[in-house]
Each structure stands twice: as structure tokens, then as C-alpha cells.
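1. Sharing a sequence plus its predicted fold:
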Amino acid sequence: MQEASQARCTRCDALLARSHRLSIQGILALTLAAAAAYVIAISFPLMSLTLRGGAEAATLPQAISIAWQDDQQIIAILAGITALIAPAAFIGLRLYVLIPLAAGSKPPGFAWCVRALHQAAHWNMTEVFTVGVLLSLVRLAGLADTTPEPGLFALGAMTVLFAAIESAGLKHLWWNMQ
Amino acid sequence: MSTAIDEGAGAYLGCESCGLVSRDATGDDPALVQHCPRCGHVLHATKPFSLQRTWACVVAAAVLYIPANTLPVMETTSALQRDEHTLLGGIHELWLSGSWGLAIIVFIASIAVPVLKIGALALLAWTVRWKPGWRRLERARLYRLIETVGHWSMLDVYVVVLLTATVRFGPLASVSTGAGLLSFAAVVVLTLLATWSFDPRLIWRDPPAAATAPDGRRLA
């Protein structure tokens, strides 16, 4: 494929493939950055709230466990899968596949990992969650003093990195094998 | 998107996972299962029970859409009063408080996207059976549109989870989830499952009358 070109289906006009500027090493670097952002995003609070001297802040795992204790187990599981587990799988499986590929070898279970990555991409809703945090901040602004916390900035960085990684797609991994 | 092509002796199957095209070795025997030689994914000419699964999820989502909109998704308690908020009520409050842009975003994510998905999937599934030749390219584009915007309806679920987790000041101010949230989350998941079970290759399938070629060979 030539630089900046795309292949489209002649029948239904769907995008089949496009050339990508990034090499395997480039995508690996972005994935490592996303892994760092993920660790910060889940271990620091996303936002904090001050009301008459009392303050509350919640990290993403805390928010999910509060929903669980609130008798909303199904909601907690859904939020856990889409905002916590799927992004972790998205990053973890990519690292597992890309690190050996960048070194020139094929990891065991490669085919299974790439198929699992398709599923992880389906369920990964990081960008929606990021907008959800921003929306919550705005909705609370009238009620109390709200402050965005480090977790939110890391989440924003993660959203951008995910978009960059996803634009490369998964099929190039197979082309790289040959 | 991969597809089965009719050409020469047999059909070809495209892998939905890695994109490799293989010759269809199963013939018409439904008991045979063929796997992609490169990645091991199961190969189908079309996803099995695609229309049945799509209809089941669409109908369930349409039914649950009613409690999702009429029951409150969130309850707020403050020193003065206790309020229940429905999806539309929350959007109305945002609009009244002057956040028009946000009100529009939430309206699109919580109201427009689920309605669009239920309506579009019902249309796509209906036309496969009854109007197979009608505006095929537009239908293929419609499918890709709902596939892209699909998960944005999770927005309100996240907002309620985050509000309940941060607004915890006891009787002074607290937020808890309402009964409607579970229905709404179910609508979101069901429409996602309906989108994934629909096979866009069905859009291009020829009507049953033309499905048998003169030599008796079944077309894909």
C-alpha cells in the first residue's frame, strides 16, 4: 500500500485497509504510554467534591465498588467490564503481542490474542467514560465545589492514545508476520 | 467487511477476524465447521441465526426502553428535598440551567442513539427479508453508522455511577441510583448485541427467488 492511501470494498464502500505511518515499534511506544496513563487513571481520584467542609473523591475502582454495595451489581459489572477490564485487556494483550513482534519473534497464542483484542476493542468504552466524568463535573458544579483530579487528566491522555493505537487496526499484525 | 463471493467452482469465505479469504470447503453441509487457516476464527458465509438474534435483541430493547424512560434513573437527596430524575428530566434540567451544548450531547447519547439503533436495526432486519434490493449501499452505510455511534449511549450510566460515588454527604446531599437505570443499561447492552449479531453481508444477499442458479447451484 502506498503512503496515505486506503482500500475500500467495491460493493459496500467499507474501509478495508489503510496505510499507516506507524511501525510496530511506534505502536508499541504508544501502547506503553497508554499503559502508564491507565495505571494513573485507575489509582488516582477522577474528581473531588467539597461541600461545607466535607470532601469526597473517588477513583474508578472505588466508584464501581460503591455501585456494587448500593445493590447495583449488574451496573457495577457493566461499568467494570467497559471502563476497567476491556481497556486493561486492550493494553495488556497488545503489549504481549507487540513486544515479541518488535524483537522479531512470534509470541505463543498469537492468534488467540489477536481475536481477544477484537473483543476488547468492542467492549472498550474509555472515550465515553471520559466524557461521562466531564459531564458529572459540570452537573455537580452548581451543587458544590468540584475539582478535576489527576485521574481525569490521565483518562483524557488514554482516550487520545487509544484513538491513535486503534487507527492502525489489527490486520497489520498479520501482515507483519509474513 | 468480509464477504462470500460466487466465482467459478465454489464460494469464498472472508475471515471476520484477520481478513484472510479462504475457499469454502464446507459446501452446503451445515454440520461442517470451517476455521480460518491463519487465525483459527470460525468462518461463516453469514453469521449463524443472525436475523433471529437481531430481532430478539431489538424487540427486548424496545420493550425495556419504556421503563428506562418512565422510571427515574437517579434519586437525589438534599437537606431540603428528595428528587427523582428521569433521563428526559435530567436533560431538561441541563437545558434550564443554561448548559445547552451539554443538554444536546446528553440528548443525542441517551435518547437519539438508542432510538436510532432500535429503529435502524429493525429496518435493516426487515428489509433483508422483504425488500432485499432496496438501497443496498445506504443500508450498508446505515449499519456502519450505528456500529460507530453505538456505545455512546453508555454515557448516562457512567454519569449516574460517578455521581453516586462522589455525592455522599449523608442527609446533606446524596445521590442514589434509580430503578430505571438498570432498564436503560439493559437497552444499551441489548442494542449493542443486536448490532453485533446482525450480519451486513445479508444486505447483499439475493432474494430467495433468484437464489438458485440455472444449473441448480445455490448462490451464497
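-> That came in fine, so what should we check first?
2. quick one, what contacts the closest residue to chain B within chain A?
-> Distances from chain A to chain B, computed as CB to the nearest CB, single out A:Gly132 as the nearest residue at 3.1 Å. Using the backbone N, CA and C atoms, a C-beta is placed for each residue, glycine as well. Shown in contact with A:Gly132 (CB atoms under 8 Å, 6 or more residues apart in numbering or on different chains): B:154-155, B:158-159, B:162.
3. Tell me how far the residue located most distally from the centre of chain A lies from B:Ala79.
-> Distance from the C-alpha centroid of chain A, by CA atoms, centre = their mean, peaks at A:Arg52 (35.6 Å). According to CB to CB, to the nearest Å, A:Arg52 and B:Ala79 sit 10 Å apart.
4. helices or strands up against the least confident helix or strand in chain A by mean pLDDT?
-> In chain A, the helix or strand scored least confidently by mean pLDDT, DSSP states H and E is helix A:171-177, which has a mean of 71. For helix A:171-177, the packing partners by 3 or more CB pairs under 8 Å, 6 or more residues apart in numbering or on different chains; DSSP states H and E come out as helix A:86-103, helix A:110-123.
5. ok, A:Ala7 - how many residues close by?
-> Residues within reach of A:Ala7, counting by other CB atoms under 10 Å in any protein chain shown, total 12.
6. cool, and B:Gly101?
-> For B:Gly101, the neighbour count with other CB under 10 Å is 10.
7. per-residue confidence for it?
-> The per-residue pLDDT reported for B:Gly101 equals 85.
8. In the helix or strand it falls within, which residues are buried?
-> In the assignment (DSSP states H and E), B:Gly101 maps to helix B:100-107. Buried positions in helix B:100-107, judged by neighbour count with 16 or more other CB atoms under 10 Å in any protein chain shown: B:102-103, B:105-107.
9. can you narrow these to ones near chain A?
-> Contacts with chain A within the buried residues of helix B:100-107, counted by CB under 8 Å from any CB of the partner chain: B:102, B:105-106.
10. Need the pLDDT of residue 121.
-> No chain in the question, so chain A it is. The predicted structure scores A:Ala121 at 89 on the pLDDT scale.
11. wrong one, chain B
-> Per-residue confidence for B:Leu121 comes out at a pLDDT of 91.
12. hmm, back to that, run through the residues that contact the residue farthest from the centre of chain A.
-> Each residue near A:Arg52 by CB under 8 Å, 6+ apart is listed here: B:169, B:172.
13. any low-confidence regions in chain B?
-> Along chain B, the model assigns pLDDT under 70 to residues B:1-10, B:27-28, B:30, B:207-220.
14. neighbours of the residue of it found nearest chain A, just the number please.
-> Nearest residue of chain B to chain A, counting by CB to the nearest CB: B:Tyr158, 3.1 Å away. By the measure other CB under 10 Å, the count of residues near B:Tyr158 is 25.
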